[in-house]
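Colleague: Any chance you could fold what I've pasted below:
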Amino acid sequence: MTTGTHESPALAMIHTVPGIIPAFNDLVGRHLPGWRPFNMLDESLLGNTIREGTLSRQTMRRLATHIWSAVDAGASAVLVTCSSLGPAVDAAMPLCPVPLFRIDDGMAIEAINRGNRIGVLATLATTMEPTTRLIERHAQRMNRDVSVTGRLCEGAFDKLRNGDRAAHDAMIREVLASLVNSVDVIVLAQASMANALNDIGEISVPVLTSPELGVLHMSSALNVRSRVHESAQS
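Modeller: Next comes the predicted model:
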């Protein structure tokens, strides 16, 4: 029996940086118009990871709790927008009852399609290794040989956390300029870095950011799942 009403599926987005929430709401509105987003924020997940210098088992467990809370709140899919938490997302995927996504998958795949020499810029040391490992894992799956060159923008994240986005963005652009001549494509490892490209001039290689590519990747995956489900029901 049907009631004649159809509620849009809900997408939960779990963030560790508050300033990126409006941009992600806009991206979901553009690329997943049939979905209703809601946001969950826990800055301590990233704060503890920075302080401890690694992604601890406790933080991984706490993220899993947030993911299950999102499902209990009615989410039909979950997106984690913090790249430093990527390995924790991977660990939770096999047990999650709804589609679960990490924000940097789409960016990693696109980078591999753009070239073999990939530069990775990060403002946090805790993000560099997860991003590098993700690119290498996708490259192996895609049967591609890649080399990854990492650059850390020391101190930039502290500027952002203290409200000085202009200094944060300038530091990213300076380090980016030092990398362009030795790679085919550059990725900005954290979603919070994307704004740094707003005032950049011409650059000789593609520079990829995770927010839009991540949402596009998620949109494609969810649309495929929906078509498979509809086919199975018919």
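
Colleague: low-scoring stretches of this structure, by residue?
Modeller: In the predicted model, the chain carries pLDDT under 70 at residues 1-6, 224-234.

Colleague: In it, what residue spans correspond to helices?
Modeller: Secondary structure of the chain by DSSP state H: the helices cover 21-31, 43-52, 57-72, 86-92, 105-114, 125-141, 156-161, 165-177, 210-233.

Colleague: Arrange these in JSON lines, one row each, with distance to Asp184 and mean neighbour count as further columns.
Modeller: The C-beta positions use only the backbone N, C-alpha and C, and glycine is treated the same way. Formatted as JSON lines, these follow (distance: least, CB to CB, whole Å; neighbours: other CB atoms under 10 Å):
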{"stretch": "helix 21-31", "distance to Asp184": "26", "mean neighbour count": "16"}
{"stretch": "helix 43-52", "distance to Asp184": "30", "mean neighbour count": "16"}
{"stretch": "helix 57-72", "distance to Asp184": "33", "mean neighbour count": "17"}
{"stretch": "helix 86-92", "distance to Asp184": "23", "mean neighbour count": "21"}
{"stretch": "helix 105-114", "distance to Asp184": "6", "mean neighbour count": "21"}
{"stretch": "helix 125-141", "distance to Asp184": "13", "mean neighbour count": "19"}
{"stretch": "helix 156-161", "distance to Asp184": "24", "mean neighbour count": "20"}
{"stretch": "helix 165-177", "distance to Asp184": "14", "mean neighbour count": "18"}
{"stretch": "helix 210-233", "distance to Asp184": "17", "mean neighbour count": "16"}
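
Colleague: Could you work out which of these reaches nearest to Ala196?
Modeller: Closest to Ala196 of the helices of the chain, according to CB to CB: helix 165-177, at 3.9 Å.

Colleague: Run through who's touching that closest one.
Modeller: 19, 121, 123, 151-153, 155-157, 159-160, 186, 188, 193, 195-196, 198-200, 203, 207 (CB atoms under 8 Å, 6 or more residues apart in numbering).

Colleague: now stretch 138-153
Modeller: By CB under 8 Å, 6+ apart, stretch 138-153 touches 105, 108-109, 112, 116-125, 128, 132, 135-136, 171-172, 175-176, 178-179, 182-183.
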